[in-house]
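Asker: Sharing a model prediction with you, sequence too.
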Amino acid sequence: MPRLFLKRKEEILGEYILRRKSRIFIGSKKGNDILINDKNISEHHCTIILGDNGKYLLKDQNTIIGTKVNDRNISEKELEIGDVIGVGPYSIVLAPDIQPLDVKEYSLLGIYGKFLGKKFTVKNGDTFIGREHFSPRGIENDIVLAGDMTVSKGHAKIALNGSQFVITDVGSTGGVAVNGVKVGQLNSMNIDVGDEISVGRSIFRFVDSKNEDYSLPSKQHIFLLKIMKPVSLIFTVVVVAVSLFLIYSGGSGRSLMNSKPDKLSLEVNTDFRKDVPLRNSEEYDIIATPAVGDLNGDGKNDIVLLNVAGFMYGWDAKSGEPLWRQIEIFNSGLTSPMIADVNNDGIVDIITVSDSSMLFIYDGQSGNIIRREILGGVISEMTPLVADLNGDGKTDIVVCAEDGAVHFLYGVGYESDYDRYTEFVEGPLYASPVLYATKDYSPMVVVASNVGKVYFIDGKTRTKKTVDISEKTGKAHLIAGAPAIGDLNGDGIPEVVVQSNVPQYITAIDAVKFEIMWNYFVEPTPPSNIKHNASPLISDLTGNSMGDVFAVSANGMILGLKGKTGYPAGELLWKMFVPEGKRIIGSPAMYDFNKDKLKDFVIVDENGKISVISSNTRRKEFEILASVRASNSPITSSPVIADLFGSGKLNIIVVNSMNSLQVIDTNAKIIKNFCVWPMFLGGASHTNVDVLGAYKSAYTKKLMLGILALILFAGFKIRASASRNSKRVKVIFL
């Protein structure tokens, strides 16, 4: 099929391939097949009609300026290949679809500057180039580079000398260069296909019309142009590499987080065992939970343990070597060490208390003392709370004394900002304080008294609210375990759950209205010879995305209570008893081992067993996912869950009544050196913070960021390419 080229002088404005249409309309009004955007051209100027004989007939539509064929006015004319239709200053050339091999046509393609994408025909004679239609000497320019003041009115000439094209600078001020080499005024230089010709600040490529190449200049001796291509390539490689890394990192991280073992297995680790058997009595109670974290800044986990003789130990988990010499705290081993960076120096510190009413803060790396503070009262039974209470970005500490003194130490890592305050509540106190924090409310410290009162103390304003459970229920509630914090009704605002020891009740408290939501009776008979009780946990047990209560009784009972219920007496979901009727002393820990989007619970008992309990919502009961006997002595600490050795698999760490530290290996995969439940109640602030959820969110963000970066970059490249291509001569099929 033949082609039509719309030209103004030697500039090609459009290319049309004739295929199906029997009538081709030409004019200045929108809707014409060949649109000439010039008011001097008639709206419907002329028509090309395909005849029955396969020939094309041109008809003028009675226009004022007329239509020409090969410079002769016509009213209608049968066209032949090679005919030139004249429409005012424009020409339309009828050309064959495939140019004969012996016919050579050459063009200048705009590849940089104002005329990027333009295409100009180079004649097989003299082709003059300039800014205006005529040069100062009156020579008509064939290629008009209008509007570019770096182009002279008469700038250059391309001539065919035999079989060789030659370009001449006809006296321009902006100059002419071939492949970055100046031609010089009134000088000439041979040009070949592929050469890059600079005219003023615009660059053109001299090409065979059959092989158009609009790529960026590569032969110029202009630094920015020379580095543009490699810089663009490097930028592309970097963006794609970073995007793929983010996608891989995010995807593999999420995959790792979501990976689950076919069957959870627990196995006692016999390679790592720390024995400090300094207790030899049948009487026992809850003892200190070890803490796991990177104490020395080497990216690997370490262990801190406080034993009943009052010595604090620190070990490198992988090597088993001591981090520092044992430190004497004079503690009876009931308070768990907390780890946090109290002075923002990038090194984790250790916070603990002694029987002599002293608060100690040690540098986790060196074991050196950072601060010691005399507080007053019996404080060795309760674990300190570590958090930012007043929103100043500095770490604060809360320590409770048995007589009811609640000591607030603000900015303990900063001598200049250090402040101390003591609030008194009704004692005795046996339960560690916990943090109540939301984005809409000032952080509060929740303190539960053994007389059945729960106190809410604002960490910033120091105002105090009290919920007297014993008074409101008319029943005694002797609370000796730390409260649990979590959202029970799905409104985004946490509630508080406390568990009393004598008699055994579990009570949910609205922390906004300071009212009791429900009060569940467990059993009247307390376990003998145990002063403290385990803390409950709040987590979704039923899959309805709302918090429920998981609690254990020192009498060996495991309970699941519905968090949101209309029953003032609470609502039991399901319960079970520990096999062999053994008591549960230590508080549970939780992690979703089987990846069913519901937390599983690690419990320990006085038979030395460690069990992982799961909510089976289909059968509406608890079930044991895995269990192992880890010790011949009762396990009385709370469990810690972490990748202790950097193996990418979780370990469970506990301490028995003989103060022997036990490590259990699992086949549950996790990020290397990640701590799921690193210390007592999951964190220094004693709240069930979903750190793993934050990691999942971070991996999701990485994945989405990588995908988004690739999409945006691909869009940018496509748009840039489309923008560049949009400036080229369009080929339209008619």
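Answerer: Sure thing, it's come through.

Asker: what's the helix or strand for the residue nearest to residue 728 when sequence neighbours are not counted?
Answerer: In space, and not counting its chain neighbours, residue 728 is closest to residue 117: 4.2 Å by C-beta to C-beta, 6 or more residues apart in numbering. Every residue, glycine included, has its C-beta placed from N, CA and C. For residue 117, there is no host helix or strand (DSSP states H and E).

Asker: Give me the neighbour count for residue 117.
Answerer: Residue 117 has 15 neighbours, counted by other C-beta atoms under 10 Å.

Asker: for residue 505, same thing?
Answerer: Residue 505: 25 neighbours (other C-beta under 10 Å).

Asker: sec struct for residue 243, please.
Answerer: With DSSP: H, G, I helix; E, B strand; the rest coil as the basis, residue 243 sits in helix.

Asker: need the contact list for it.
Answerer: 706-707, 709-710, 713 (C-beta atoms under 8 Å, 6 or more residues apart in numbering).

Asker: Repeat that for residue 184.
Answerer: Counted by C-beta under 8 Å, 6+ apart, residue 184 has contacts residue 169.

Asker: Can you give me the pLDDT of it?
Answerer: With respect to pLDDT, residue 184 scores 91.

Asker: Specify the local secondary structure of it.
Answerer: With three-state DSSP as the criterion, residue 184 reads coil.

Asker: just to revisit the earlier point, from the contacts of residue 243, list just the buried residues.
Answerer: 706, 709-710, 713 (16 or more other C-beta atoms under 10 Å).

Asker: Roughly how far does the residue nearest to residue 728 sit from residue 108?
Answerer: 12 Å (C-beta to C-beta, to the nearest Å).

Asker: I'd like to know which of the buried ones among the contacts of residue 243 is nearest to residue 133.
Answerer: Taking C-beta to C-beta as the measure, residue 133 sits nearest to residue 713 out of the buried ones among the contacts of residue 243, at 43.8 Å.

Asker: got a pLDDT number for that closest one?
Answerer: pLDDT, residue 713: 86.

Asker: what residues are up against it?
Answerer: Per C-beta under 8 Å, 6+ apart, neighbours of residue 713: 236, 239-240, 243.

Asker: lowest confidence element among the helices and strands of the protein?
Answerer: Sorting the helices and strands of the chain by mean pLDDT, DSSP states H and E puts strand 274-275 at the bottom, at a mean of 66.

Asker: about what we covered before: can you redo the contacts of residue 243 as JSON lines, where the extra columns are distance to residue 227 and secondary structure?
Answerer: Below are the contacts of residue 243 laid out as JSON lines (distance: C-beta to C-beta, whole Å; DSSP: H, G, I helix; E, B strand; the rest coil):
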{"residue": "706", "distance to residue 227": "28", "secondary structure": "helix"}
{"residue": "707", "distance to residue 227": "30", "secondary structure": "helix"}
{"residue": "709", "distance to residue 227": "24", "secondary structure": "helix"}
{"residue": "710", "distance to residue 227": "25", "secondary structure": "helix"}
{"residue": "713", "distance to residue 227": "20", "secondary structure": "helix"}
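
Asker: tell me which element residue 667 falls in.
Answerer: strand 660-669.

Asker: List of residues touching that strand?
Answerer: Contacts for strand 660-669 (C-beta under 8 Å, 6+ apart): 256, 259-261, 264-269, 272-277, 290, 303, 305, 591, 593, 610, 626, 628, 630-631, 633, 635, 644, 648-656.

Asker: go with 7 Å
Answerer: 256, 259, 261, 264-269, 272-275, 277, 290, 305, 593, 610, 628, 630-631, 644, 648-656 (C-beta atoms under 7 Å, 6 or more residues apart in numbering).

Asker: Out of these, which end up buried?
Answerer: 256, 261, 264, 266, 269, 272, 274, 290, 305, 593, 610, 628, 630-631, 644, 649-656.

Asker: So which of these belong to strands?
Answerer: 266, 274, 305, 610, 628, 649-655 (DSSP state E).

Asker: quick one: which of these is nearest residue 52?
Answerer: For those, the nearest to residue 52 is residue 649 (83.3 Å; C-beta to C-beta).

Asker: my read: the closest one touches residue 642, true?
Answerer: No - look at residue 649 against residue 642 with C-beta atoms under 7 Å: they stay out of range, at 10.5 Å.

Asker: Give the residue spans of the stretch 301-450 of the chain that score low on pLDDT.
Answerer: For the stretch 301-450 of the chain, no stretch is flagged by pLDDT under 70.

Asker: make it 80
Answerer: 332-333, 440 (pLDDT under 80).

Asker: ok so, going back, the strand holding residue 667 pairs with which strands?
Answerer: strand 266-268 (antiparallel), strand 274-275 (antiparallel), strand 649-655 (antiparallel) (DSSP bridges).

Asker: of those, which approaches residue 494 most closely?
Answerer: Of all these, strand 649-655 comes closest under C-beta to C-beta, at 26.6 Å.

Asker: what's the closest non-adjacent residue to residue 447?
Answerer: Going by C-beta to C-beta, 6+ apart, residue 447 has residue 455 as its nearest residue, at 4.5 Å.

Asker: That neighbour reaches residue 466, doesn't it?
Answerer: Yes - taking contacts as C-beta under 7 Å, residue 455 lies within contact range of residue 466: 5.5 Å.

Asker: Contacts only, for residue 489.
Answerer: 546, 563-564.

Asker: In which helix or strand does it reside?
Answerer: Residue 489 belongs to no helix or strand when elements are defined using DSSP H and E.

Asker: go on, residue 128?
Answerer: Counting by DSSP H and E, residue 128 is found in strand 126-130.

Asker: what's in contact with the next helix or strand after that strand?
Answerer: Moving toward the C-terminus from strand 126-130, the next helix or strand (DSSP H and E) is strand 143-144. Outside strand 143-144, the residues that touch it by C-beta under 7 Å, 6+ apart are 9-11, 108, 120, 127, 129-130, 132-133.

Asker: who does residue 16 bridge with?
Answerer: residue 4, residue 732.

Asker: Quick one: the helices in the stretch 201-350 of the chain, in order.
Answerer: 223-258 (DSSP state H, counting those that start in this stretch).

Asker: Tabulate the ones in strands among the buried ones among the contacts of strand 660-669 in TSV, adding columns for distance to residue 53.
Answerer: Shown next, in TSV, are these (distance: C-beta to C-beta, whole Å):
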residue	distance to residue 53
266	92
274	103
305	103
610	96
628	96
649	84
650	86
651	91
652	93
653	95
654	99
655	103
